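>>> have a look; sequence and predicted model below, questions after that.
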Amino acid sequence: MIFWHVGGAIWGARYIFKDPGMDLRWLVLGGLLPDLIDKPLAWFVVPDYQTARLWGHSLVFAALLLAVVVLATRRGTAERQRFIPVAIGVFMHLVLDIPFESETLWWPFLGTGFPPFEHSGLANLSAYFFQTPWLWIQEAIGLGYLVYLWRRYELSIPANLARLRRRGQLGLSVEAHGGHDEQGRKEPS
């Protein structure tokens with residue numbers, strides 16, 4: 001579920017933190033990180049668990065990641081500005097997955113095992129996705145929000161898309177607002 005997690009992480013972080021300077025590239029990485037860790041582990045390393053949600057989908061993982069970022073970086077540095085959004089994205093992923101498996105979310109406090117998921121494995125998971133309308137609805141919601149952002153921030157304008165690629169930020173370019181950013185200030189180059 002890529003669009004659900006990308007769109008949901010961006011929406012959640014923008015709504016909660018209201019930080020236009022947050023680097024969305026790192027936030028998106030964090031929003032996908034639990035799946036990027038757990039799915040390959042479940043399919044290739046520990047297939048005996050019969051689930052695609054493992055340690056990366058636990059609050060322990062998210063809290064440890066945040067603690068490492070806070071302890072390993074200094075306040076106000078580029079490293080902290082880069083890696084805090086990764087941790088925020090992981091938390092957003094867990095919030096978006098909450099209805100599924102609380103045992104995994106609270107691992108190891110509710111037990112050290114992981115609940116089995118009858119549709120584990122790449123082929124079964126793909127079939128499950130195509131047979132479950134709620135997953136389609138979630139993906140449509142995430143994609144819809146991303147399309148909204150594309151239109152709202154005029155990402156079809158090369159300068160706006162370049163800003164997103166270069167800084168990880170949404171904003172209207174100088175060309176779109178007659179030489180000023182959205183708040184009426186001269187946009188730095």
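Thanks, I have the structure now.

>>> and residue 15, what pLDDT?
As predicted, residue 15 sits at a pLDDT of 95.

>>> tell me the spacing between it and residue 84.
Here the criterion is CB to CB, to the nearest Å. By it, residue 15 lies 17 Å from residue 84. Where C-beta positions appear, they are placed from N, C-alpha and C, glycine not excepted.

>>> between those two, which is the more surrounded one?
Taking other CB atoms under 10 Å, residue 15 and residue 84 do not tie; residue 84 has more neighbours (21 against 8).

>>> could you verify my assumption that that one touches residue 69?
Yes. Counting by CB atoms under 8 Å, residue 84 touches residue 69, with 5.9 Å between them.

>>> this protein: helices as residue ranges?
Assigned by DSSP state H, the chain shows helices spanning 2-17, 24-40, 59-72, 78-97, 102-105, 122-131, 133-152, 158-167.

>>> weakest of the ones you listed by average pLDDT?
Least confidently modelled of these is helix 122-131, at a mean of 68 by mean pLDDT.

>>> quick one: neighbours of the nearest residue in space to residue 17 that is not next to it in sequence, just the number.
Leaving out its chain neighbours, the residue that sits closest to residue 17 by CB to CB, 6 or more residues apart in numbering is residue 88, at 7.3 Å. As a burial measure, residue 88 scores 24 neighbours (other CB under 10 Å).

>>> quick check, central residue of this structure?
residue 31 (1.6 Å; CA atoms, centre = their mean).

>>> which ones are touching that residue?
5, 6, 8, 9, 10, 89, 90, 92, 93 (CB atoms under 8 Å, 6 or more residues apart in numbering).

>>> picking that back up, who's in contact with the residue nearest to residue 17?
9, 13, 17, 22, 27, 30.

>>> state the distance from residue 77 to residue 66.
Taking CB to CB, one finds residue 77 at 16 Å from residue 66.

>>> which one's more surrounded, these two?
Set side by side, residue 77 and residue 66 show more neighbours around residue 66, with 17 against 10, by other CB under 10 Å.

>>> isn't the more buried one up against residue 85?
No. Look at residue 66 against residue 85 with CB under 8 Å: they stay out of range, at 11.1 Å.

>>> what's the PyMOL line that selects buried ones from the contacts of residue 88?
Remark: buried members of the contacts of residue 88, expressed as a PyMOL selection using 16 or more other CB atoms under 10 Å:
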select buried, resi 9+13+22+27+30
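
>>> quick one: the contacts of residue 88 as JSON lines, columns for distance to residue 45 too.
Compiled in JSON lines, the contacts of residue 88 are given as follows (distance: CB to CB, whole Å):
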{"residue": "9", "distance to residue 45": "25"}
{"residue": "13", "distance to residue 45": "30"}
{"residue": "17", "distance to residue 45": "34"}
{"residue": "22", "distance to residue 45": "33"}
{"residue": "27", "distance to residue 45": "27"}
{"residue": "30", "distance to residue 45": "22"}
